[in-house]
Structures are given as structure tokens and as C-alpha cells.
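>>> heads up, no residue letters with this:
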Ligand SMILES: Nc1nc2c(ncn2[C@@H]2O[C@H](COP(=O)(O)OP(=O)(O)OP(=O)(O)O)[C@@H](O)[C@H]2O)c(=O)[nH]1
Ligand SMILES: [Mg+2]
């Protein structure tokens, strides 16, 4: 599936229907009163976060989102029908920003989050509305109010509990496919993964979401390789799982390279809880494992899990540690910022 994490769309809400100018006309009733109904309200433009989407690709083909106009009022005091709202669905984790992509208007972080971005125009009053004791035959009916329009930028930042980081070929996608039902592409060349994907891990009846992103290399923060373009997707993770290929020449040096890129990127990534995994244990001797693990502990100042996404060794332990980290970092109720509402 193609992945798109930014899109620009044009939104327009519906205009209100015109009010109706009409008088009652019936045989034997000479001066029938005013009976023009009000126009219907124009539809709103609403964004809604839904499960099961993880790309904004749809908006490449659908750049205009318009709500329906309200229908005009009619005689016999009939109010015009309201225009239908335009509800467009976005993946969980989508931010809606102004056209320039600078100011966040709304942040849809939970399934079912909705935000009304544009209100439809109100319907105009029909002449029945203006009937009074002094004016029994008003000839005034109002036009509906215009709808509103704006251009917005949609930006998707996936929401996962754990983000996988590491050099290309560290085995991130292999790990994700070992622990979830996700089936990312795996191959022995760098940059196999070109876009992020998510997998759901189930453990002891609890679930958490792991994001696999493209590998980082030295200079990523200056755009080398795929750059840091995808790091935005792990900004909201609660913990990072940093995988290091134990069969590489200098695992500890590789660890430092990735750390340096995370630090250069900023946005709080360097402060996130990090779990370090020495991967590909199946392809190392026990001596190699011990030696590289010690070097990695030294480089990272953290405990290091030894694992293999291929043989499964150490994987249950890694998941237990990740889950504990995720639970410790879960925001307490009330701590999470409320999505913005206009
Ligand atoms: N022996 C061994 N090989 C592994 C292990 N995990 C991954 N590999 C191999 O390492 C290569 C890279 O694996 P991927 O899972 O694609 O690595 P990645 O980190 O997702 O790489 P990018 O997407 O390019 O960043 C593949 O040839 C895998 O078969 C492991 O635990 N043991
Ligand atoms: Mg990969």
C-alpha cells in the first residue's frame, strides 16, 4: 500500500437555502397570510478519525470536500431541507493544520474523534417569519447565508506505543512480523522499508501497537538516506525499541550513530524511554553475544536484550519489557490533552 503522510485539501460548507416569499392563495380567502418557509441550513464539513486507515492516500484523488447546500423554503410554511454534512474520514493520528501547515487546528487522536471544521450557512427566513401585528403581508424573505471555505493541510502522525528504530537491515521489519500479524517487506538490502507500518502485539490479553519505520543512517537529519522524514511517526510513541544488528562490524558504533540522529532530530525523541535489543542472536556464537552485549551496555548505559527475530530467542522477554515500558508511560486519565475543538 502506498503511504502518504501529508495532503492538502479544499473544504467548503454548504450555503443556506433561501427563504421563500409566498402568500396563502385559496378560493374564498381574500388576503391569505404570508406562508413562505425558511431555507434549510447548509451542511457542515466534519473530519472524523476512524480505525483501519493508515494513510492519507485517498486525499490525493479527493482534494475537494464540499457539503451540500440547504434547500430553499417553500410555500405553505415548508422549511427547506438541510444540506447533508460532508464527513470525511482520516486515520487516527491525523492533525489538521492551516494551509501553510503551521498552525494545528485539530488533532484527532482517538477513533471516533470528530471536529467540525466549517459550519454550513443558516437558511434565510421566509416571509412568514416577518409577519407581525403591524405588517401582515411582509414582502421580505432573506437569502441563505453563504457557506465557508478554507484550505487545510492534513498531516498523519501514526500513533503507536512502541517505535522501532535502528540502522537499515537491523531486523526491524523481521521483528515486527515475528510479533504481530503485520507482514512488512523483509530483505537483506538497506531501505527495504520505505514507509511506516503498524502491527498490533497481543500479549497476556493486552495489546500494544508497534510501528516499523525506515532505517536511519548517519546524516539522516540532513536528509541522507530516507532522512528523518518518518521520524515524525514515532514522536508520539511511548517507548523506542532500538534494534542493533549483532552481526554487523561495530554494533556499539552503529548504536551511537542512530542515537546521534535521534538527538539531532530533537522533538523529544532523545528523551523517550529506550529499550536496546542486540538482534540476530541466532547468527552469533555465545562468545560474540557476550562481548557485543557488553559493548552495547557500555555505549548505551542501558540493559540490553539479546534476541533474534528469526529464531524467536529473546522475543518474549523483549515484549515483556516493552509492555512494561508502555504501561509505565501511559498517560494517566486527564493527563492527555483534549483534542482542540473550534
Ligand atoms: N540471522 C538473522 N537474520 C535476520 C534477523 N532479523 C532480520 N534478519 C535479516 O536481516 C535482513 C534485514 O532484515 P529486515 O527485517 O528487512 O531489516 P530492517 O531493519 O527492517 O531493514 P530496513 O527496512 O532496510 O531498515 C534480512 O535479510 C533478514 O532476513 C535475525 O534475527 N537473524
Ligand atoms: Mg524494514
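The structure has been received and is ready for your questions. Predicted, not measured: the structure shown is a model, and the values here were computed from it. Ligands and ions are numbered 1, 2, ... in the order given.

>>> what is the three-state secondary structure of residue 258?
Under DSSP: H, G, I helix; E, B strand; the rest coil, residue 258 falls in the helix class.

>>> ugh, wrong one, I meant residue 299
Criterion first, three-state DSSP; result for residue 299: helix.

>>> what residues are up against the closest residue to it other than its chain neighbours?
In space, and not counting its chain neighbours, residue 299 is closest to residue 252: 4.0 Å by Cβ to Cβ, 6 or more residues apart in numbering. Any C-beta I mention is one placed from the backbone N, CA and C, and that applies to glycine too. Neighbouring residues of residue 252 by Cβ atoms under 8 Å, 6 or more residues apart in numbering: 292, 295-296, 298-299.

>>> which of the residues you listed count as buried?
Neighbour-count burial (16 or more other Cβ atoms under 10 Å) is assigned, among the contacts of residue 252, to 292, 295-296, 299.

>>> direction included, what does the host helix or strand of residue 198 pair up with?
Using DSSP states H and E, residue 198 sits within strand 197-203. Applying DSSP bridges, strand 197-203 is found paired with strand 206-212 (antiparallel).

>>> contacts for the strand it pairs with next, please.
Counting by Cβ under 8 Å, 6+ apart, residues outside strand 206-212 touching it are 158-164, 172-173, 175-176, 179-180, 182, 184, 193, 196-201, 233-234, 237, 241, 322-323, 326.

>>> near ligand 2, which of those residues show up?
172-173, 193 (Cβ under 5 Å from the ion).

>>> kindly report the residues of the protein close to ligand 2.
Counting by Cβ under 5 Å from the ion, the residues of the chain close to ligand 2 are 172-173, 192-193.

>>> and stretch 270-287, anywhere near ligand 1?
Yes - Stretch 270-287 lies within reach of ligand 1 by Cβ under 6 Å from any ligand atom, at 279-280, 282-283.

>>> next, the spatially closest residue to residue 67 that is not a sequence neighbour: phi, psi?
In this structure, residue 67 finds its nearest non-sequential neighbour in residue 43, 3.0 Å apart by Cβ to Cβ, 6+ apart. According to degrees, to the nearest 10, the main-chain angles of residue 43 amount to phi -70, psi 150.

>>> what sits against residue 43?
13-14, 67-70, 82-86, 120.

>>> buried subset of the residues you listed?
13-14, 67-70, 82-83, 85-86, 120.

>>> doesn't the residue nearest to residue 299 fall inside a helix?
Yes - Residue 252 forms part of a helix when assessed by three-state DSSP.

>>> so what's it scoring on pLDDT?
Looking at residue 252, its pLDDT reads 93.

>>> now do residue 273
91.

>>> that one and residue 239 touch, don't they?
Yes - using Cβ atoms under 8 Å, residue 273 is in contact with residue 239, at 4.3 Å.

>>> what sits in contact with each of the two?
Counting by Cβ under 8 Å, 6+ apart, the contacts common to residue 273 and residue 239 are 325, 329.

>>> which of the two has more neighbours?
Neighbours were counted for residue 273 and for residue 239 using other Cβ atoms under 10 Å; residue 239 has more, 25 against 17.

>>> wait, what's in contact with that one?
161-163, 272-275, 322, 325-326, 329.

>>> next one: it from ligand 1, what distance?
18 Å (Cβ to the nearest ligand atom, to the nearest Å).

>>> now the phi/psi pair for that residue, please.
In terms of degrees, to the nearest 10, the main-chain angles of residue 239 are phi -150, psi 150.

>>> am I right that residue 11 is in a helix?
No - under the criterion used here (three-state DSSP), residue 11 is strand, not part of a helix.
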